[in-house]
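Chemist: Below: sequence and its predicted model.
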Amino acid sequence: MYSKISMALDNEPDLYDSLTNQVQNVRDLGRSWGLDDDQIDECVQKALMVDEKPKISRRLRRGCLCCFLVLFCFMGGMSLFFTTVTLHKATRLFVTKHTQSIAYPLMRGIRLLTLPISRTFDLRGWHEMECLVPNPLSAVGPPDCYPCQDVHNIIIFNEPVRKFTERYYNFGIPFVAKDPDRKLVHFEDLKDLYLANTATLEYNAKSLECTNSYVDSIDDILHKDRTSQDIIEANIGVKWRIIKAGSMRLIRTLSAKPYFIPHKGEVAAEMFVFIDAPASEAHLMPQTYFGNSWLTQASGSREVTLTPLPSCLQNCTEVSVVLQPKDILFYSGFFWQLKTFPFGDDISIQFLGSFF
């Protein structure tokens, strides 16, 4: 320590002598207090220590700044390029013309690069998803609640529904259509379909919610040894979501879309199957993909309550109906939230879908 001080002060002998004398005085004072030389050295070292924050080297700072500038210029250039291509027709046509030949090889190359990822992770569900990344800034404004403000009960049609498009399509007026030609679907029918097509339906096997925490898959419900009596005794309630195209086709063999849907209507690639024991808990129905929704009572009975959405509570009132086998409830998810309650002594099987 003293040698470093000496090297730094070679050109200033007077200052060096003064500092030496002061250090010696400090040592003499320490000895008068009963300290030995090691303790005095430790005190001097602690007194000379200075807390310094670690300094970032100039080279590292320049490197970070360069990386930031490169990234900023790249993002700015890409934004300018895509804006120009989007808004300027001549540029868009030019870019499209000269990139057609490389579009397929580029996409094929990306696909080959992602093969190791798809082998490691199960990404099959992404093919069926309408939206991979939701936009947090996208917000749908409150609906105009005038269509449902005059609804005080649910209309029941014993005959075929007429003028559906003009009177009910995209409106908030719910009704129940009785379809005597629709076949009943019991628990055993659903189980037989699953067991005969397990390979097709297994992807959706875990897309369910159940009131029994021990149920992890639809296979636990539709197992070959499971009986309807088991469901009744356990008071089980199940919501099973179907999204894969092949699975949808199979489910529709049991419960086809309602007859009143227009031929040009687009049915969502999503359906829900509900299996509820007579004493199962009441539960809310999920929000469907499209606003126009239908709920088919395939077997058993269930009481359904339609509650206006919060934005329509001041305009509309709550209504309810008991769905019997072969009943089809039509409603609009833009205005109503459904909740079902147990009713009757049989297992309730329901199918929920939507269309546009």
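Modeler: Now that the structure is in, tell me what you want to look at. This structure is a prediction, so every number in the text was calculated from the model and none was measured.

Chemist: what residue ranges in the stretch 201-350 of the chain score low on pLDDT?
Modeler: 205 (pLDDT under 70).

Chemist: That one: strands as residue ranges?
Modeler: The residue ranges that make up the strands of the stretch 201-350 of the chain, judged by DSSP state E, counting those that start in this stretch, are 208-210, 237-242, 271-276, 283-284, 292-299, 301-308, 319-323, 327-332, 336-343, 348-355.

Chemist: next one: the last one to chain centre, how far?
Modeler: Same thing as strand 348-355. Going by Cα atoms, centre = their mean, to the nearest Å, the spacing between the C-alpha centre of strand 348-355 and its chain's C-alpha centre is 21 Å.

Chemist: Residue numbering should commence at 6 henceforth.
Modeler: In the new numbering, first residue 6, that becomes strand 353-360.

Chemist: same for it, what does it pack against?
Modeler: Other elements packing on strand 353-360 under the criterion 3 or more Cβ pairs under 8 Å, 6 or more residues apart in numbering; DSSP states H and E are strand 276-281, strand 297-304, strand 306-313. Backbone N, C-alpha and C define where each C-beta goes, glycine included.

Chemist: now the angle from it to strand 332-337?
Modeler: Calculated by axes from the mean of the first three to the mean of the last three Cα atoms, to 10 degrees, strand 353-360 forms an angle of 40 degrees with strand 332-337.

Chemist: residue contacts, Asn26?
Modeler: If a contact means Cβ atoms under 8 Å, 6 or more residues apart in numbering, then Asn26 has no contacts.

Chemist: before we move on, the earlier item: right, and the helices and strands packed on strand 353-360 - which one's nearest Lys269?
Modeler: The closest of the helices and strands packed on strand 353-360 to Lys269 is strand 297-304. By Cβ to Cβ, the value is 12.9 Å.

Chemist: Residues touching the closest one, excluding its own?
Modeler: Counting by Cβ under 8 Å, 6+ apart, the neighbours of strand 297-304 from elsewhere in the structure are 174-175, 187, 189-192, 259-260, 262-263, 266, 270, 290, 309, 328-338, 343, 351-361.

Chemist: hmm, back to that, turn the helices and strands packed on strand 353-360 into JSON lines, including mean neighbour count and distance to Leu74.
Modeler: Converted to JSON lines, the helices and strands packed on strand 353-360 look like this (neighbours: other Cβ atoms under 10 Å; distance: least, Cβ to Cβ, whole Å):
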{"stretch": "strand 276-281", "mean neighbour count": "24", "distance to Leu74": "52"}
{"stretch": "strand 297-304", "mean neighbour count": "24", "distance to Leu74": "52"}
{"stretch": "strand 306-313", "mean neighbour count": "20", "distance to Leu74": "55"}
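
Chemist: Just send the ones you listed back as a markdown table, with distance to Thr170 too.
Modeler: Converted to a markdown table, the helices and strands packed on strand 353-360 look like this (distance: least, Cβ to Cβ, whole Å):
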| stretch | distance to Thr170 |
| --- | --- |
| strand 276-281 | 22 |
| strand 297-304 | 11 |
| strand 306-313 | 21 |
